[in-house]
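Asker: What shape does this take:
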Amino acid sequence: MCPMITTKMDSRFHGNDITLDRFLENPVIIVRDGVYPQPFIFYLLPAVKTMNRPQPVEKMVEIIKRLPGVGPKMAERLSYHILKMPQGEVERLIDSIQKARQTMKYCGVCFNLSESDPCPVCADSTREYNIICVVETPQDLIAVSKVKEYKGLYFVLGGALSPLDAVGPDDIRVDKLLKRLKSSKITEVILATDTDSKGETTALYLAEIIKPLGITVTRLGYGLPVGGDIEYADEITISRAISGRKEM
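Answerer: A predicted model of the protein is given here:
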């Protein structure tokens with residue numbers, strides 16, 4: 001806690017330095033400056049105590065700020081918002097979290113989060129069993145599944161390669177993916193990892209180890225967003241759009 005500071009002129013000190021001393025039982029900082037004939041003495045007075053968050057709220061903030069994308073301020077706002085919620089809503093929130101933790105499980109085939117094993121996608125006999133779309137997270141799988149044109153299967157890696165974060169092939173499900181490819185009649189693998197550096201690194205690595213199996217490896221195309229203006233697109237986006245052009 002920073003102390004309060006008061007100043008006082010004192011003619012007994014001269015020079016060009018700063019010292020810490022005690023004066024009349026109170027700590028002082030003596031600032032000596034040759035420009036001024038009388039140096040300043042800063043008396044360090046006890047700081048006024050401030051009100052801290054109650055311990056139960058502090059625990060809530062510490063837990064909530066561990067969530068991705070939630071900083072200390074947001075965690076504090078969410079904590080106080082929860083405290084203001086009606087008791088019934090708080091109980092429903094707690095109950096929904098507990099039920100999700102108890103009932104959700106990983107599919108033993110694609111490792112998507114589901115209430116059943118295998119998940120509804122893997123258990124669907126109408127899907128194309130020779131194509132697998134590889135994604136990083138269950139959220140990515142949901143996003144791709146909204147595209148009605150894709151009728152194949154999925155595989156969730158559970159992350160992406162990141163040498164800087166010490167995340168290697170053993171930290172994601174690369175070995176389980178290879179085992180599945182070798183044990184089934186897969187003819188094409190679509191790499192639908194993110195387009196950031198981690199996603200690109202993961203896609204390149206997977207392509208190198210899957211191609212020797214005689215399986216076609218494709219990558220999701222990138223380019224200009226629908227409804228976007230070319231003048232606002234960056235060079236990389238335009239370059240990828242040109243590379244992924246097709247005949248009309």
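
Asker: Which residues in the strand or helix carrying residue 236 does the neighbour count mark as buried?
Answerer: Element membership of residue 236 [criterion: DSSP states H and E] is helix 235-243. By neighbour count on 16 or more other Cβ atoms under 10 Å, the buried set for helix 235-243 is 237, 241. C-beta: built from backbone N, CA, C; applies to glycine.

Asker: Identify the residues contacting the residue most central in space within the chain.
Answerer: Taking Cα atoms, centre = their mean, the centroid of the chain lies closest to residue 68, which sits 4.6 Å from it. Applying Cβ atoms under 8 Å, 6 or more residues apart in numbering to residue 68 gives no contacts.

Asker: now it: how far from residue 134?
Answerer: Distance of residue 68 to residue 134, given as Cβ to Cβ, to the nearest Å: 22 Å.

Asker: same question, residue 60
Answerer: Counting by Cβ to Cβ, the gap from residue 60 to residue 134 is 37 Å.

Asker: More neighbours: the two, which one.
Answerer: residue 134 (25 against 19; other Cβ atoms under 10 Å).

Asker: Nearest residue to the more buried one in space, please, no chain neighbours.
Answerer: Computed as Cβ to Cβ, 6 or more residues apart in numbering, the closest residue to residue 134 that is not its neighbour in sequence is residue 155, at 5.0 Å.

Asker: Per-residue pLDDT of the one you found, please?
Answerer: Residue 155 is assigned a pLDDT of 96 by the prediction.

Asker: Check the secondary structure at it for me.
Answerer: Secondary structure assignment for residue 155 (DSSP: H, G, I helix; E, B strand; the rest coil): strand.

Asker: Neighbours of it, how many?
Answerer: A count of nearby residues for residue 155, using other Cβ under 10 Å, gives 25.

Asker: so residue 222 makes contact with residue 238?
Answerer: No: Residue 222 is beyond contact range of residue 238, at 10.6 Å (criterion: Cβ atoms under 8 Å).

Asker: What is the neighbour count of residue 98?
Answerer: Residue 98 has 10 neighbours, counted by other Cβ under 10 Å.

Asker: What is the helix or strand containing it packed up against?
Answerer: In the assignment (DSSP H and E), residue 98 maps to helix 87-103. Counting contacts by 3 or more Cβ pairs under 8 Å, 6 or more residues apart in numbering; DSSP states H and E, helix 87-103 is packed against no other helix or strand.

Asker: Good, wrapping up.
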